[in-house]
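Participant: One predicted model, sequence on top.
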Amino acid sequence: MLNIVLFGPPGAGKGTQAKFLIKNFGLIHISTGDLLRNEISQKTEPGIKAKVLMDKGDLVPDEVVEGMIKNQLTAHSDAKGFIFDGFPRTVAQAKVLDELLKGINSAITAMVALEVKKQELIIRLLNRGKSSGRADDQNESTIENRIAVYNKKTAPLKDYYDAQKKYYGIYGMGTIEEISGRINDTLKKLV
Ligand code: B4P
């Protein structure tokens, strides 16, 4: 199995690049952000609780997203591999993911990390906010909070995967096509 953690700060291009990976490598895409937004639109109890946190740019509790990942792995038991987009976002989530994959005799192959300057992240997210309707894309202070949460809770995952020699940093500035070309070149060496 080819299991990729697609990593990077908010607005780095994870969701954007995941589309190319699905096409090029035939992987199942699991985006915890999309799954949570789906819960919100269905007005489920976890969705209603998550919305308050997401609108401020805070993370939702680990147990909520871990449960969603477990369901997705079960639902796609015949997958060739997975793209984990926006998950894990904490070291605790990474450890749970390792256990879940061990349970299906698999493991993370690589973390593909998109490296983008902070000012560019803010520009991209404010831009998306004009059409996405997402509360967390609407103003600079919420975006600043998302980046601060990323630096505090999520960025340490780089060391977690680096220690396992699974970290692949990708320069995430430039056109969408240039960046997907860089990711492809890196992943082709791993399959
Ligand atoms: P996510 O949905 O993961 O949102 P994101 O970090 O903004 O990334 P996304 O994939 O959507 O954007 P992308 O960079 O592709 O998370 C939202 C919230 O959900 C979190 O804040 C948190 O509250 C919660 N959550 C999700 N997962 C969680 C977890 N595991 N644990 C706890 N909480 C969790 O693109 C951004 C924009 O840039 C787009 O408009 C795109 O078109 C543009 N763009 C991309 N590449 C570009 C390029 N090269 N040049 C110009 N623009 C580009």
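Facilitator: All right, it came through fine.
Participant: what sits against the closest residue to the ligand within the chain?
Facilitator: Ranked by C-beta to the nearest ligand atom, the top residue of the chain for proximity to the ligand is Gly33, at 1.8 Å. Bear in mind the C-beta positions are built from the backbone N, C-alpha and C, glycine included. By C-beta atoms under 8 Å, 6 or more residues apart in numbering, the contact list for Gly33 reads Gly15, Asp85, Gly86.
Participant: Close to the ligand: what parts of the chain are there?
Facilitator: By C-beta under 6 Å from any ligand atom, the residues of the chain that approach the ligand are 10-16, 32-33, 36, 53-54, 57-60, 65, 86-87, 89, 93, 124-125, 128, 136, 146, 175-176, 179.
Participant: Mind checking which of those land in helices?
Facilitator: The helices, defined by DSSP state H, take in 14-16, 32-33, 36, 53-54, 65, 93, 124-125, 128, 146, 176, 179 from the residues of the chain next to the ligand.
Participant: Quick one: buried ones out of the residues you listed?
Facilitator: The neighbour-count criterion (16 or more other C-beta atoms under 10 Å) marks 14-16, 32-33, 36, 54, 65, 93, 124-125, 128, 146, 179 among those as buried.
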